[in-house]
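Colleague: make a model of this:
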Amino acid sequence: MTDHNPDSESEMDSVPPKEQPSEPLRTDGGNDDSDTGSTIDIRELESLADVRDVFPILVELRDHLDEEQYLEQYVEMAGDGYTMFACDVDGEAVAVAGVKITTNFYLGRHAYVYDLVTTEAERSNGYGRRLLEYVHEWAADHGCEAVELESGLWRDEAHAFYEDLGYEKYCYSFTYDLS
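Modeller: Sure, this is the predicted structure:
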């Protein structure tokens, strides 16, 4: 573990700046949802306070984390290019995505979605879809050729969601535990 104190002001300032796109991003910000009359915004989380605020959502997916671990790991991940986005409905975050741009031989430059979760009370309302579509635009604006993600074998509903968005299943992911 690192010796970072996530409550210190200097720690908030130590989150590395993100690479900026060559032109402004297309945003979903401020759009009204005609079905509910709600205002929906997609935003990049730019401070450790923003990241802390969405912990209750992310922990629905990553339930092994406590808040301290989450913040410490976020600082390390952000230093390696990890970026978080939130989908807000009427100013309240309801979905979160965590993404990193990387390059490899089989996909070239691409965005890898490490985390995508909508809070349970708001699932099936289209917020995860809007957030992931925003990630697609963000990735394209950053010169990516693809967006990739993994999903647990048991998550059939998530698989249907991704396939409905045009994702294709093409491999298994294997993990070897070194602990």
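Colleague: remind me, longest strand of the protein?
Modeller: Assignment by DSSP state E gives strand 92-104 as the longest strand of the chain.
Colleague: what's in contact with that one?
Modeller: Contacts of strand 92-104 with the rest of the structure, by CB atoms under 8 Å, 6 or more residues apart in numbering, involve 19, 53-54, 57-58, 77, 80-88, 109-119, 122, 125, 127-128, 130-132, 135, 138-139, 142, 144. C-beta: built from backbone N, CA, C; applies to glycine.
Colleague: so the helix or strand that comes right after it versus strand 92-104, what angle?
Modeller: Downstream of strand 92-104, the next assigned helix or strand under DSSP states H and E is strand 108-118. Taking axes from the mean of the first three to the mean of the last three CA atoms, to 10 degrees, one finds that strand 108-118 is oriented at 160 degrees with respect to strand 92-104.
Colleague: now do the SS call for residue 62.
Modeller: Classification of residue 62 by DSSP: H, G, I helix; E, B strand; the rest coil places it in coil.
Colleague: just the buried subset of the contacts of strand 92-104, please.
Modeller: Burial by neighbour count, judged by 16 or more other CB atoms under 10 Å, picks out 54, 57-58, 77, 82-88, 110-113, 115-119, 122, 125, 127-128, 130-132, 135, 138-139, 142, 144 from those.
Colleague: out of the residues you listed, list just those in helices.
Modeller: 57-58, 77, 127-128, 130-132, 135, 138-139 (DSSP state H).
Colleague: for those residues, which one is nearest residue 175?
Modeller: Among those, residue 77 lies closest to residue 175 (CB to CB), at 17.6 Å.
Colleague: what about that closest one, distance to residue 167?
Modeller: Residue 77 sits at a distance of 23 Å from residue 167 (criterion: CB to CB, to the nearest Å).
Colleague: what's the answer for residue 122, then?
Modeller: Applying CB to CB to residue 122 and residue 167 gives a distance of 21 Å.
Colleague: and residue 57, by the same measure?
Modeller: Counting by CB to CB, the gap from residue 57 to residue 167 is 22 Å.
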